[in-house]
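In: Predicted coordinates and the sequence they were generated for:
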Amino acid sequence: MVLVPPIVHEIEARSAINAVQGMPFKWSLNPYKGCRHACTYCYARAYHAYLDLPVSAFETQIFVKTNLPQVLQAELRRPSWRGEAIAVGTGTDPYQPIEGQYRITRQCLEALADAANPGSVSTKGTLVRRDVDVLSELSNRVGFSVNISLISLDRDLLQKLEPGAPVPAARLETIRTLSRAGIPVSVFLAPVIPGLTDAPSSLAEVVRAAADHGASDVWTGALRLPPGVREYFRDAVAVFPQVNASCDRLYAGRPTLPTSYQMRIEDEVSAVRAAEGLSGAKGHCPQPLARKAQLALPI
């Protein structure tokens, strides 16, 4: 896939902190809509339908919430706010390339630090290294963690699945950098893609690499294909006929995989986690494990 330059829309947010139900966290925050990482499988593509845009526009129409840091500051000062953990980056990547220009994520983290508010940030972006200072302050003062998404160590494969995202080696080095700075880092080995990244050897390879680079834990979850995203993904992976064959057999028209499949993936990853001594005691997981409900998140 050749990525064309995005159209950037500057918008103003009415709110910053979003309430979430049915997840391991209660609150989320997303500085952008759309994402230049262009992951073919991203469930958040479906949100562009609410903007009257096709799911294919997810990486070409990027929306920047220019006033989000100021809105967040005001919400954190409300007497009703209880200082609960906020998951940053649940519907878009907060460290996609455009963050280098706008620095919205950076300013939101600074607001969280000023308010001594805990939370986490999830990303594929190596730009997170830029913010080691504020992330260190947050993790030392109030409890804050970083989650790096990595589903395979196969660079050529990820170039097809995530054409705008950093290569696996760069993400592993980011894990090492953050970990050495004392920031708890977990890896999201998610989504696991049937017929493509679900071989036990592939799963084990990611877990071991994460441990070798200082990750505190690895979390996993299977591919979710809501309407709209399903059709886009199937077209994108047409070069891998075994994937569509596996999806036809396993999904049977549903957006999620059978529980038995999800449990198998989770058990395989958990066995390697245990062998590598990963405990996850320092961080928290802002994404459900395979056995928990996989619901859409607000952006």
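Out: Everything's here; your move.
In: Please count neighbours and contacts with C-alpha atoms only from this point.
Out: Will do.
In: what's near enough to touch residue 196?
Out: 242, 243 (CA atoms under 8 Å, 6 or more residues apart in numbering).
In: Torsion angles phi and psi at it?
Out: Backbone torsions of residue 196, given as degrees, to the nearest 10, read phi -130, psi -50.
In: Also the one 10 residues further on?
Out: With angles defined as degrees, to the nearest 10, residue 206 sits at phi -70, psi -40.
In: any idea how far it lies from residue 225?
Out: Computed as CA to CA, to the nearest Å, the residue 206 to residue 225 distance reads 23 Å.
In: how far away is residue 116 from residue 233?
Out: With distances taken as CA to CA, residue 116 is found 40 Å from residue 233.
In: which SS class is the residue located most distally from the centre of the chain?
Out: Among residues of the chain, the one most distant from the C-alpha centroid is residue 79; the distance is 30.4 Å, by CA atoms, centre = their mean. At residue 79 the chain is in coil, as set by DSSP: H, G, I helix; E, B strand; the rest coil.
In: quick one, phi psi at it?
Out: phi -60, psi -30.
In: Same question for the one 5 residues further on.
Out: The phi and psi values for residue 84, taken as degrees, to the nearest 10, are phi -80, psi 160.
In: Confirm residue 221 sits in a strand?
Out: Yes: the assignment for residue 221, made by three-state DSSP, places it in a strand.
In: from what I can see it touches residue 262, true?
Out: Yes: with the criterion set as CA atoms under 8 Å, residue 221 and residue 262 qualify as a contacting pair; they are 7.1 Å apart.
In: More neighbours: which of these two?
Out: residue 221 (23 against 20; other CA atoms under 10 Å).
In: In contact with residue 159, which residues are there?
Out: When the contact criterion is CA under 8 Å, 6+ apart, the partners of residue 159 are 165, 167.
In: if I look at it, how far off is residue 186?
Out: Plainly put, residue 159 is 22 Å away from residue 186 if you go by CA to CA.
In: got it, and residue 244?
Out: Separation of residue 244 from residue 186 (CA to CA): 30 Å.
In: Who has more neighbours out of those two?
Out: More crowded of residue 244 and residue 186, by other CA under 10 Å: residue 186, with 28 against 19.
In: Quick check: bridge partners of the residue lying closest to residue 31 once chain neighbours are set aside?
Out: Counting by CA to CA, 6 or more residues apart in numbering, residue 65 is the residue found nearest to residue 31 once chain neighbours are left out, at 5.7 Å. Residues found in beta-bridge contact with residue 65 (criterion: DSSP bridges) are residue 11.
In: What residues does residue 65 make contact with?
Out: Contact partners of residue 65, counting by CA under 8 Å, 6+ apart, are 10, 11, 12, 13, 31, 32, 104.
In: Next, count neighbours for residue 163.
Out: Other residues within reach of residue 163 by the criterion other CA under 10 Å amount to 19.
In: wouldn't it be in contact with residue 38 here?
Out: Yes: with contacts defined as CA under 8 Å, residue 163 counts as touching residue 38 at a distance of 6.1 Å.
In: Then residue 8 would be within a strand, right?
Out: Yes: per three-state DSSP, residue 8 lies within a strand segment.
In: Without its sequence neighbours, what residue ends up closest to it?
Out: residue 62 (4.9 Å).
In: so which helix or strand takes in that neighbour?
Out: Under the assignment given by DSSP states H and E, the secondary-structure element containing residue 62 is strand 61-65.
In: ditto for residue 265
Out: Taking DSSP H and E as the criterion, residue 265 maps to helix 259-276.
In: outside of that helix, which residues touch it?
Out: Residues from elsewhere that reach helix 259-276 (CA under 8 Å, 6+ apart): 198, 200, 203-204, 207-208, 211, 217-218, 220-222, 279, 289-291.
In: For residue 237, state which of those residues is nearest.
Out: Comparing these against residue 237 with CA to CA places residue 198 closest, at 15.2 Å.
In: Go through the longest strand along the chain and flag the buried ones.
Out: What stands out as the longest strand in the chain, according to DSSP state E, is strand 185-192. Applying a neighbour-count criterion of 16 or more other CA atoms under 10 Å, the buried positions in strand 185-192 are 185, 186, 187, 188, 189, 190, 191, 192.
In: I'd say the last one and residue 149 touch.
Out: This points to residue 192. No: with contact defined as CA under 8 Å, residue 192 does not count as touching residue 149 (11.2 Å).
In: Which residues does residue 86 form beta bridges with?
Out: In this entry, residue 86 is beta-bridged to residue 27, residue 119, by DSSP bridges.
In: Quick check: which ranges of the chain have low pLDDT?
Out: Low-confidence segments of the chain (pLDDT under 70): 1-2, 280-299.
In: That one: helices as residue ranges?
Out: Using DSSP state H, the helices assigned to the chain run over residues 68-76, 99-102, 104-114, 132-141, 155-161, 168-180, 200-212, 229-236, 241-251, 259-276.
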